[in-house]
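J.: pasted the sequence and its predicted model underneath.
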Amino acid sequence: MRFQTPLQPARLVRRYKRFLADVILGDGREVTAHCPNPGAMMGLAEPGMRIWLEPNDDPRKKLKFGWRLVELDQGHMAGIDTGVPNRIVGEALAEGRIEGLTGYGTIRPEQRYGENSRIDFLLGAPGRPDAYVEVKNVHLRRDGDWAEFPDCVTARGAKHLAELARIAQGGGRAVMLYVVQRTDCARFRLAPDLDPAYARAFDAARAAGVEMICHGTEIWPDGVALSGPLPVDSTPQAGRGGVAAG
């Protein structure tokens with residue numbers, strides 16, 4: 001996935017009201033940018049951080065810049081736009097680049113299922129059970145090379161796990177795909193200290209047959225692409241005990 005317009009570097013002044021960020025552009029101007037991320041963004045929204053913005057000239061948009069990337073230590077990058085994972089997963093599915101999710105003739109995004117829910121991707125092929133694929137954005141890192149999810153309480157995320165568990169129990173194929181939108185992580189686990197209920201739902205869903213997979217990303221100022229799989233911690237997550245374990 002390539003950004004529609006070239007990104008511009010800036011310095012973060014502050015992020016506030018979840019969806020707003022005051023930034024200083026390279027020419028010294030201070031402007032307000034849209035922050036497309038409702039989460040806690042722990043460690044990614046510190047004042048003074050070097051970030052990357054996507055400008056736009058859309059007259060319908062009040063804010064003329066959208067925050068897309070954060071520069072990390074040692075040349076690493078993180079993407080903060082929570083809409084990006086679905087876009088890059090859609091591209092990778094169409095190109096047959098996700099191991100275990102190839103060979104499906106139809107790829108339908110945003111399909112209704114369960115109790116007032118929408119699955120991110122519904123995959124179908126003759127002679128195979130439909131595959132229900134839910135995508136989650138991951139950009140929390142607190143310990144070593146572990147990527148963790150979630151970064152705050154997500155009742156909606158726990159509901160999605162329960163919906164997928166019902167699909168698996170009914171004989172369908174259910175897949176939870178975590179996309180790590182930062183380049184300094186090599187493995188994945190949950191953050192049960194931040195959302196114990198989600199960790200319990202994760203364990204129950206995995207026991208019910210939901211496939212838990214994770215992929216990394218390649219990130220550069222031109223765009224973001226899905227990269228190879230990352231290992232998912234195989235131990236029970238609800239009792240793992242937070243960042244100290246592992």
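T.: Noted; the coordinates are in hand.
J.: how far away is the closest residue to residue 100 other than its chain neighbours from residue 86?
T.: Taking CB to CB, 6 or more residues apart in numbering as the measure, residue 100 lies nearest to residue 213, with 7.2 Å between them; neighbours along the chain are not counted. C-beta coordinates here come from the backbone N, C-alpha and C atoms, glycine included. The span separating residue 213 from residue 86 equals 15 Å under the rule CB to CB, to the nearest Å.
J.: check which element follows the single longest helix found in the chain along the chain.
T.: Secondary structure of the chain per DSSP state H: the longest helix is helix 155-169. Per DSSP states H and E, the first helix or strand lying C-terminal to helix 155-169 is strand 173-180.
J.: and that following strand, how far from the chain's centre?
T.: 10 Å (CA atoms, centre = their mean, to the nearest Å).
J.: for stretch 60-74, same thing?
T.: Using CA atoms, centre = their mean, the mean C-alpha position of stretch 60-74 is found 16 Å from that of the whole chain.
J.: and the helices in this structure?
T.: For the chain, applying DSSP H gives helices covering 84-94, 155-169, 196-208.
J.: could these be laid out in TSV, adding mean pLDDT, distance to residue 29 and mean neighbour count?
T.: As requested, those are exported to TSV (pLDDT from 0 to 100; distance: least, CB to CB, whole Å; neighbours: other CB atoms under 10 Å):
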stretch	mean pLDDT	distance to residue 29	mean neighbour count
helix 84-94	98	26	19
helix 155-169	96	37	19
helix 196-208	98	40	20
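J.: could you dump these into JSON lines and include distance to residue 19?
T.: Converted to JSON lines, these look like this (distance: least, CB to CB, whole Å):
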{"stretch": "helix 84-94", "distance to residue 19": "16"}
{"stretch": "helix 155-169", "distance to residue 19": "17"}
{"stretch": "helix 196-208", "distance to residue 19": "23"}
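J.: got the contact list for the most centrally placed residue in the chain?
T.: Using CA atoms, centre = their mean, the residue of the chain that lies closest to the mean C-alpha position is residue 137, 1.0 Å off. Residues counted as contacts of residue 137 (CB atoms under 8 Å, 6 or more residues apart in numbering) are 82, 84-85, 179, 181.
J.: of those, closest to residue 204?
T.: Of all these, residue 179 has the smallest distance to residue 204: 22.2 Å, by CB to CB.
J.: what's across from the closest one in the sheet?
T.: Bridge pairing for residue 179 (DSSP bridges) gives the partners residue 137, residue 215.
J.: that one: what's it in contact with?
T.: For residue 179, the contacting residues are 85, 88-89, 135-138, 214-215, 217, 226, by CB under 8 Å, 6+ apart.
J.: ditto for residue 38
T.: Residues in contact with residue 38 (CB under 8 Å, 6+ apart) are 18-19, 82.
J.: mind doing that once more with 10 Å?
T.: Taking CB atoms under 10 Å, 6 or more residues apart in numbering as the contact definition, residue 38 lies against 18-19, 82, 152, 154.
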